[in-house]
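In: just a sequence and a predicted model for now, questions to come.
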Amino acid sequence: MSSTLRLAVLAVVLLIGLPTVFSTRGDKANVVVAVPGWATVLLVLLQLVAAVVSAWWLMPVWAAVLVSLLAAATLVSEGPRTRWLLAGG
């Protein structure tokens with residue numbers, strides 16, 4: 001298996017699989033494996049860090065800047081949800 005394919009599979013598992021399986025009760029309609037709010041917050045942060053690091057590694061600078069700005073906007077817009085999750089959901 002090529003390293004590119006391995007990275008693609010890892011990305012799918014981390015960015016789609018983990019948040020699908022692990023979620024906080026009350027945050028999603030279907031909870032497969034319930035986790036505390038802080039774990040959901042960590043999954044969101046993992047997704048954002050992966051997006052920004054990958055963008056700076058693989059994309060032209062202008063695109064990486066755009067991805068970084070979108071990640072920062074996500075942090076701001078996720079603020080109320082993050083506070084709710086950290087308060088116990």
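Out: Perfect, I can see it now.

In: list the helices and strands the lengthiest helix in the chain packs on?
Out: Ranked by residue count under DSSP state H, the longest helix found in the chain is helix 37-58. Judged by 3 or more Cβ pairs under 8 Å, 6 or more residues apart in numbering; DSSP states H and E, the packing partners of helix 37-58 are helix 18-21, strand 22-23, helix 61-77, helix 79-86. To be clear about C-beta, it is placed using only N, CA and C from the backbone, and glycine gets the same treatment.

In: let's see 6 Å
Out: Secondary-structure packing of helix 37-58 (3 or more Cβ pairs under 6 Å, 6 or more residues apart in numbering; DSSP states H and E): helix 61-77, helix 79-86.

In: for the residue nearest the centre of the chain, give me its contacts.
Out: With distances taken as Cα atoms, centre = their mean, the residue of the chain nearest its centroid is Gln47 (2.4 Å). By Cβ atoms under 6 Å, 6 or more residues apart in numbering, Gln47 lies in contact with Leu15.

In: how far away is it from Thr74?
Out: Counting by Cβ to Cβ, to the nearest Å, the separation of Gln47 from Thr74 is 9 Å.

In: repeat for Ser54
Out: For Ser54, the distance to Thr74 (Cβ to Cβ) stands at 15 Å.

In: ok, now Ala87?
Out: For Ala87, the distance to Thr74 - Cβ to Cβ - is 20 Å.

In: ok, those two, which is more surrounded?
Out: Between Ala87 and Thr74, Thr74 has the larger neighbour count (other Cβ atoms under 10 Å), namely 14 against 8.

In: what's around the closest residue to that one other than its chain neighbours, how many residues?
Out: Take Thr74 and drop its neighbours on the chain: the residue closest to it by Cβ to Cβ, 6 or more residues apart in numbering is Leu48, 6.1 Å away. Neighbours of Leu48 under the rule other Cβ under 10 Å: 18.

In: next one: Ser23
Out: 21.

In: bridging residues for it?
Out: Ser23 has the following beta-bridge partners by DSSP bridges: Ala34.

In: please report how far it lies from Ala8.
Out: 24 Å.
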